[in-house]
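Chemist: this is the structure alone, sequence omitted:
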């Protein structure tokens, strides 16, 4: 997907780079597959802000994406759509039994293509099958962690994992982060790479774009008063005054590993991301 570069008619246009939406072929969602999406502005049931920098933004409706691919057999692609809830594009499928469903669209999928779900499907982008049926070395996405729960890994635009090995009822999968993880062979995965590869090259260009997405401004702690943030206070620009940066509540930030050393899923991680 190429991006659109604008002429610098304004300061914000000079820095803006937007998607061209060349892959999108259908511009209105399927009414039977959308739900109302309420806004909470980062507040819990008591009205207290528990997630900062949320609020405002354009109205969105949630698309019911089928991450389980339980309807086996062939399905025809009706159209490729933009989804405001994720970075990847989604494809509307028409199944042989008449049902319709949304799936994450891989690279190269177009209108009229036929994709399959089942253990006997071909090794072709968009086809979903158990990992036991996928050859070693294949690039995959939409990977389940638990059989039947639905895809949880590798779902964002342009991402793909690689099946590295299969033995003793489990597979080793190298994720986009570089982590190598053990996954059961009866978990499902989809062949190919998630579409909308050029998403990472998009430049918002102006402050209004994040506001349209429902992202409110982030204020640096160093410009606050000491009553509002541990980094605040001082005459002019001041250092942190601590061994390292902290959150507004005094907890270490920027680089502190928060994963529990006793996490029960540690045994499934063969190689950590960033390790040599």
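Modeler: Sure thing, it's come through. Here the structure is a predicted model, which is why all the values come from computation and not from measurement. Numbers count the residues shown, from 1 in each chain.

Chemist: going forward, measure contacts between C-alpha atoms and count neighbours the same way
Modeler: Will do.

Chemist: shouldn't residue 4 be within a strand?
Modeler: Yes - counting by DSSP: H, G, I helix; E, B strand; the rest coil, residue 4 is part of a strand.

Chemist: hmm, residue 19 and it touching each other?
Modeler: Yes - contact criterion Cα atoms under 8 Å: residue 4 and residue 19 qualify, at 5.9 Å.

Chemist: who's more crowded, the two?
Modeler: residue 19 (17 against 13; other Cα atoms under 10 Å).

Chemist: looking at the sheet around the more buried one, what are its partners?
Modeler: Assessed by DSSP bridges, residue 19 has beta-bridge partners residue 3.

Chemist: packing partners of the helix or strand bottoming out on mean pLDDT in the chain?
Modeler: One helix or strand of the chain scores below all others by mean pLDDT, DSSP states H and E: strand 3-5, with a mean of 89. With contacts taken as 3 or more Cα pairs under 8 Å, 6 or more residues apart in numbering; DSSP states H and E, strand 3-5 sits against strand 17-19.

Chemist: please state the offset of the host helix or strand of residue 166 from the chain centre?
Modeler: Element membership of residue 166 [criterion: DSSP states H and E] is strand 161-167. Distance, stretch centre to chain centre, for strand 161-167: 22 Å (Cα atoms, centre = their mean, to the nearest Å).

Chemist: same check, this time on stretch 180-191
Modeler: Distance, stretch centre to chain centre, for stretch 180-191: 18 Å (Cα atoms, centre = their mean).

Chemist: what distance do you get for the closest residue to residue 192 other than its chain neighbours to residue 87?
Modeler: Nearest in space to residue 192, with sequence neighbours left out and distances taken as Cα to Cα, 6 or more residues apart in numbering, is residue 125 at 4.5 Å. Using Cα to Cα, to the nearest Å, residue 125 is found at 19 Å from residue 87.

Chemist: quick check: residue 168 vs residue 267, distance?
Modeler: According to Cα to Cα, residue 168 stands 15 Å off from residue 267.

Chemist: ok, these two, which is more surrounded?
Modeler: residue 267 (10 against 7).

Chemist: assign that one to helix, strand or coil.
Modeler: Under three-state DSSP, residue 267 comes out as helix.

Chemist: give me the most central residue, this structure.
Modeler: Residue closest to the mean C-alpha point of the chain, counted by Cα atoms, centre = their mean, is residue 156 at 3.3 Å.
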